[in-house]
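Peer 1: Got a sequence here, can you model it:
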Amino acid sequence: MRIVRYAYPTHRSLATVPGGFSRSAWTGLESQIDRLFETALSDFAGEPVSPARFPVDLYEDKANAYVRAELPGVNRADINVELVDGTLAITAARKTPAADGQPEQSFSFSRSVSIPAEAQADQVSAAYENGVLTVTLPKREESKPKKITVVVK
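Peer 2: I've put the predicted structure just below:
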């Protein structure tokens, strides 16, 4: 099983090339270092880090590809998952109640991920439990690995 962590880019692809993800061994480290510096620089500049971005994990096994998003404090009814033209769009809203004279606040979150062509779009399912949204993208039968037995003649 491969686990890929995409923390803050707004648009990434889960589409694979033959033989797996086309990534170097250093790509994950480089993106984490870039994210660290982006966060540090925005904090030093006095600008808040955008609340519209949230981490997304992309991983797959033999039968499915998965998109997992951490959305703590979001009600299930405020989450929208759409699959349009090979792109999975996740949008969510979180509302904070009014307190101590402060008005009610609302935050919107949005991420888009390209899905692999071998995913069955009509079989996609989503589950939300304990603040974690998991979208399951089943693979087509013809794209699943098949074990071939070798016979001796």
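Peer 1: in this structure, what spans have low per-residue confidence?
Peer 2: Applying pLDDT under 70 to the chain flags residues 1-28, 34-53, 143-144.
Peer 1: quick one: the helices in it?
Peer 2: Here the chain has its helices, by DSSP state H, at 27-44.
Peer 1: Give the buried residues for stretch 123-131.
Peer 2: Buried residues in stretch 123-131, counting neighbours by 16 or more other Cβ atoms under 10 Å, are found at V124, A126, Y128. Where you see a C-beta, it was placed from the backbone N, CA and C, and this is true even at glycine.
Peer 1: V150: which of the residues you listed is nearest?
Peer 2: Minimum distance to V150 across the buried residues of stretch 123-131 is 35.8 Å, recorded for V124 (Cβ to Cβ).
Peer 1: can you map out the strands along the protein?
Peer 2: Secondary structure of the chain (DSSP state E): strands at 2-6, 11-13, 56-60, 64-70, 79-84, 87-96, 105-114, 125-129, 132-138.
Peer 1: Any chance of the ones you listed in TSV with distance to V151 as columns?
Peer 2: Putting these into TSV (distance: least, Cβ to Cβ, whole Å) gives the following:
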stretch	distance to V151
strand 2-6	32
strand 11-13	40
strand 56-60	31
strand 64-70	31
strand 79-84	42
strand 87-96	42
strand 105-114	40
strand 125-129	39
strand 132-138	31
